[in-house]
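In: I'll drop the sequence and a predicted model, then ask my questions.
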Amino acid sequence: MIRDAKKEWLIALTLIAPFAAIYGLVFVYPTIDMFLLSFTDAPLIGAGDYVGLENYTRLTSDRRFDTAVWNTAWFVVLSVIPGTFVALGIALAVSRLSGRLQTAVLALFFLPYILPVSVIYLIWDWTLNFQFGIAMHIFDALGIDRIPVFKSATWFIPAVALITVWWTCGFNVLLFLAGLRAIPQEIYEAAALDNAGRWKTFSRVTWPLLWPITALNFTIQLILQMKIFDQVYLFSQGGRPNDNLVMVYYIFQRAFQNNHGGRAAAVAVVLFFIVIVVSVLNFQLMRFAERKQ
């Protein structure tokens, strides 16, 4: 068959062009503009003067930036690691069910994931509100002092992490279920013939074969939770927002509340590189751990 290479290249470029144009317009151009903006003292809207690295050097002595970095890291630890293993446990349990019962249980776990963050806020504010929350009435009945969860610097991040795990768990469960269903049943039959118990079957068969799904799940959640904003913003209303800062919330404050577009862009650039570095390190560690298995 005679093939026209130039014609094939032309067709390929024609098909790729719409995606490339949209990608450049909504990602590449804004990213470049953000980098350029971070070297100026520009407001949110309008031009500014070039200030070099001043916006970045200011971050080293900015207490609110330190708080935002620490809270973001603490939230990632409390949400990504437990969320991954909770979803794995639920997926293992759901996989043992069958028929309509499995469908119903899976739907119950997935239902929170399809709810918007505003509804999640109302549900948990109704549950943990210091004055009228259901949990507080339970504390009263048990003789335990009420805890102002969303107004406490100690309890705020752990509470939001718990809510986030509950909210996003359904998606993670689906990923693990897909991985479990992809494991051939013949392997489990061979393990049963060797009189392998449940723990040995899990540690020698299920866990190694689920490792790629676990790595994917962990990486997705790591990237998503490092960019947390909605939950923190909503639950901070009426509380202590400066003590509950995370990176994106701090960018929001700088840009939309203080009208410091250049300084907000500098923080966004720092977050951009943190996400890239952490994602690459996580991917390499996962590959190393997979080779060790």
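Out: Great, that's in hand.
In: Do a quick rundown of the helices in the stretch 51-200 of the chain.
Out: For the stretch 51-200 of the chain, the helices defined by DSSP state H, counting those that start in this stretch cover 54-59, 63-95, 99-110, 117-128, 134-142, 156-181, 185-193, 198-201.
In: Can you say which of those helices is nearest to A265?
Out: Of all the helices of the stretch 51-200 of the chain, helix 54-59 sits nearest to A265, with 7.5 Å by CB to CB. C-beta coordinates here come from the backbone N, C-alpha and C atoms, glycine included.
In: packing partners for that closest one?
Out: On a contact count with 3 or more CB pairs under 8 Å, 6 or more residues apart in numbering; DSSP states H and E, helix 54-59 meets helix 261-292.
In: go again using 10 Å as the cut-off
Out: helix 63-95, helix 261-292 (3 or more CB pairs under 10 Å, 6 or more residues apart in numbering; DSSP states H and E).
In: quick one on the thing from earlier: out of the helices of the stretch 51-200 of the chain, flag the one nearest A17.
Out: helix 156-181 (32.3 Å).
In: For the closest one, what is the distance to the chain centroid?
Out: On the basis of CA atoms, centre = their mean, to the nearest Å, helix 156-181 sits 10 Å off its chain's mean C-alpha point.
In: Identify the residues contacting A265.
Out: 33-40, 42, 44, 55, 251, 254-255 (CB atoms under 10 Å, 6 or more residues apart in numbering).
In: Filter these down to the buried ones.
Out: Buried subset of the contacts of A265 (neighbour count, 16 or more other CB atoms under 10 Å): 34, 37-40, 42, 44, 55, 251, 254-255.
In: what's the closest of these to F109?
Out: The closest of the buried ones among the contacts of A265, once distances to F109 are taken by CB to CB, is I251, at 32.4 Å.
In: Need the per-residue pLDDT for the closest one.
Out: Per-residue pLDDT puts I251 at 92.
In: residues touching it, list them.
Out: 68, 229, 245, 260, 263-268, 270-271.
In: Which residues belonging to the helix or strand hosting it are considered buried?
Out: Element membership of I251, judged by DSSP states H and E, is helix 247-252. The neighbour-count check on helix 247-252 (16+ other CB under 10 Å) flags 247-252 as buried.
In: got it, and stretch 73-89?
Out: 75-76, 78-80, 83-84, 87-88.
In: how about those residues in JSON lines, adding distance to A5?
Out: Output for these, formatted as JSON lines (distance: CB to CB, whole Å):
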{"residue": "F75", "distance to A5": "52"}
{"residue": "V76", "distance to A5": "48"}
{"residue": "L78", "distance to A5": "54"}
{"residue": "S79", "distance to A5": "50"}
{"residue": "V80", "distance to A5": "47"}
{"residue": "G83", "distance to A5": "49"}
{"residue": "T84", "distance to A5": "46"}
{"residue": "A87", "distance to A5": "47"}
{"residue": "L88", "distance to A5": "48"}
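In: circling back: out of the contacts of A265, list just those in strands.
Out: Of the contacts of A265, none are assigned to strands by DSSP state E.
In: So among these, where is pLDDT lowest?
Out: L44 (83).
In: Could you measure from that one over to Y23?
Out: L44 sits 25 Å away from Y23, taking CB to CB, to the nearest Å as the criterion.
In: I'd like to check which residues are in contact with the residue nearest to V69 when sequence neighbours are not counted.
Out: In this structure, V69 finds its nearest non-sequential neighbour in M247, 6.8 Å apart by CB to CB, 6 or more residues apart in numbering. Counting by CB under 10 Å, 6+ apart, M247 makes contact with 65, 68-69, 71-73, 75, 226-229, 267-268, 270-271, 274-275.
In: Secondary structure of L245: a helix, I assume?
Out: No: read with DSSP: H, G, I helix; E, B strand; the rest coil, L245 is coil and lies in no helix.
In: residues near it, how many?
Out: 25 (other CB atoms under 10 Å).
In: Might you report the residue contacts of the nearest residue to it once chain neighbours are set aside?
Out: Excluding its sequence neighbours, the residue lying closest to L245 (CB to CB, 6+ apart) is A68, at 4.2 Å. Going by CB under 10 Å, 6+ apart, A68 touches 59, 62, 232, 242, 244-251, 253, 267, 270-271.
In: again, but for F176
Out: Applying CB under 10 Å, 6+ apart to F176 gives the contacts 84, 87-92, 94-95, 210, 213-214, 217.
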